[in-house]
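Novice: Got a predicted structure plus its sequence, pasted below:
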Amino acid sequence: MQQFVECCNRIQSEKLEDLYELLVSLSQVFVAVFSQVSHQSLLHFEADKWVINIVISTMHTDISASDKRKLFPSCGQFYPNVQTELANCTDFDELRQTLDKYRSTSKVASRLASSSPEIYDKVLREEECYICERIFAQRTPYAIFVAYFKLCEFEVRNIMWIAECIVQQQRSRIEEGVVYYKT
């Protein structure tokens, strides 16, 4: 089972790296069309989110730091120095301390360092939603399509969360899982 998970993680990392290379090559060709900020900030965020998810899911396992680094994508704001430090984290306190060192360079690190581990997922989703909103405000072609589909994913996730809360008679918890956007 562990090999299957490692394989899936590596595939996700490869996908992010390939997408990054594609966007960089397109940016050089379509410099007038693309806004560097929009697609790269979303892609860097996705890579950093993936790194954090790998670190969290491999806590309290026998996966070594070097094996974790093999699963990390070679892009993102955390690449390569922060990734090396994150690979050595074995619990949430170490993760928070590592992220706290990089508050000034990464908004994601800043928000996660001041959050409890129980809401990391929601903080990451809120940040991703904010990036997608910015892409719409910039009105960059191509990047808008990615942002639109990401926001559709949020909408579906919100509906599923609300439905689950209703079915389980937990209406008071609806606000805990819903991520809002202002479009």
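Specialist: That came through, no problem.
Novice: Ile56 versus the residue nearest the centre of the chain, what's the distance?
Specialist: The chain has Lys49 as the residue nearest its centroid, 2.5 Å off, counting by Cα atoms, centre = their mean. Computed as Cβ to Cβ, to the nearest Å, the Lys49 to Ile56 distance reads 11 Å. All C-beta spots, glycine's among them, are computed from the backbone N, C-alpha and C.
Novice: same thing with Glu153?
Specialist: 20 Å.
Novice: and what of Asp62?
Specialist: The gap separating Asp62 from Ile56 is 16 Å, by Cβ to Cβ.
Novice: Between the two, tell me which one has more neighbours.
Specialist: Ile56 (15 against 7; other Cβ atoms under 10 Å).
Novice: Sticking with the more buried one, tell me its helix or strand.
Specialist: helix 36-57 (DSSP states H and E).
Novice: Also His60?
Specialist: Going by DSSP H and E, His60 is not in any helix or strand.
Novice: quick revisit: doesn't Glu128 make contact with the residue nearest to the centre of the chain?
Specialist: Yes. Taking Cβ atoms under 8 Å as the definition, Lys49 is a contact partner of Glu128 at 7.1 Å.
Novice: what about Lys49, distance to Cys165?
Specialist: Distance from Lys49 to Cys165, by Cβ to Cβ: 24 Å.
Novice: same deal with Thr98?
Specialist: 33 Å.
Novice: and if you look at Ala147?
Specialist: Using Cβ to Cβ, one gets 27 Å for the distance from Ala147 to Cys165.
Novice: okay, those two: which has more neighbours?
Specialist: It is Ala147, of Ala147 and Cys165, that has more neighbours when counted by other Cβ under 10 Å, with 25 against 18.
Novice: Tell me the secondary structure at the closest residue to the residue nearest to the centre of the chain other than its chain neighbours.
Specialist: In space, and not counting its chain neighbours, Lys49 is closest to Leu124: 5.2 Å by Cβ to Cβ, 6 or more residues apart in numbering. Applying DSSP: H, G, I helix; E, B strand; the rest coil to Leu124 yields a three-state assignment of helix.
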